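Asks: Predicted model follows, preceded by the sequence.
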Amino acid sequence: MVNYYGVAWYDRTFQVQDRDRKKRQFLHFDAVDYMTRVWVNGSYVGEREGGFTPFEFDITEYLSDQDQQTVTVREYDPQDNSDIPIGKHGSWYTRVSGIWQDVFIEERPAVFVEHAWITPDIDKCSISVKYRINSNTHAILGKGKLSYSVKHHLGEATVYEAWFFLMCAQHGRYL
């Protein structure tokens, strides 16, 4: 919404096609300006403050067994935005509020790589790879294998494997 401030509500029905109940469903927003609250099927999922960076919610537990699902989004953009980061929405650009980038649902395995940090060491011609595994389930314990490939810009890709062990799987904890 251009030159808008205040509260805006969005309400949309959707379907999750061929849903695999062993996997997690994430509702992803590329950007919403500025204070966002989200409900799925009438249940409060969470909120986010920000205007130009992506965020997501795990909505698996909020989905019903019905074909039709409903997402409701409340967005608030204050008239006086002098205290909030405004990015490219500043004085050079027309003010934009609300959902202003893509929204989509992504299906992920019960255990997945949530974040990866790759640090190059030019002198040693090597990289360090650190990763965070996310498990939002009580049922997953045990050993797993993470595979990734690194490709030199002039050569072939090399595949690496790393083993991990989930020692404790509590809902919402990073392992």
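Replies: Received the coordinates, thanks. Residues are numbered from 1 along each chain as shown.
Asks: In what element of secondary structure is the residue minimising distance to the centre of the chain found?
Replies: Central residue of the chain (C-alpha atoms, centre = their mean): Glu56, 3.4 Å from the mean position. Following DSSP states H and E, the helix or strand that holds Glu56 is strand 55-58.
Asks: Beyond that strand, next helix or strand please.
Replies: Sequence-wise, the next helix or strand downstream of strand 55-58 (DSSP H and E) is strand 69-77.
Asks: In terms of secondary structure, what does that following strand contact?
Replies: Contact here means 3 or more C-beta pairs under 8 Å, 6 or more residues apart in numbering; DSSP states H and E; on that basis strand 69-77 packs against strand 6-14, strand 32-40, strand 98-99. All C-beta atoms are positioned from the backbone trio N, CA, C, and that covers glycine.
Asks: want to throw those strands into a markdown table with mean neighbour count and mean pLDDT?
Replies: Converted to a markdown table, the helices and strands packed on strand 69-77 look like this (neighbours: other C-beta atoms under 10 Å; pLDDT from 0 to 100):
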| stretch | mean neighbour count | mean pLDDT |
| --- | --- | --- |
| strand 6-14 | 12 | 93 |
| strand 32-40 | 21 | 92 |
| strand 98-99 | 18 | 86 |
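Asks: In a markdown table, list these along with distance to Ile105.
Replies: Output for these, formatted as a markdown table (distance: least, C-beta to C-beta, whole Å):
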| stretch | distance to Ile105 |
| --- | --- |
| strand 6-14 | 7 |
| strand 32-40 | 10 |
| strand 98-99 | 14 |
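Asks: The ones you listed: which one's closest to Asn134?
Replies: strand 32-40 (19.2 Å; C-beta to C-beta).
Asks: Name every strand pairing with that closest one and say which way it goes.
Replies: In the sheet, strand 32-40 lines up against strand 43-50 (antiparallel), strand 69-77 (antiparallel), strand 98-99 (antiparallel) (DSSP bridges).
Asks: buried stuff in the helix or strand just after the last one?
Replies: Counting by DSSP H and E, the next helix or strand C-terminal to strand 98-99 is strand 103-108. By 16 or more other C-beta atoms under 10 Å, the buried positions in strand 103-108 come out as 103, 105, 108.
Asks: between strand 103-108 and strand 32-40, how many degrees?
Replies: Per axes from the mean of the first three to the mean of the last three C-alpha atoms, to 10 degrees, the angle that strand 103-108 makes with strand 32-40 is 60 degrees.
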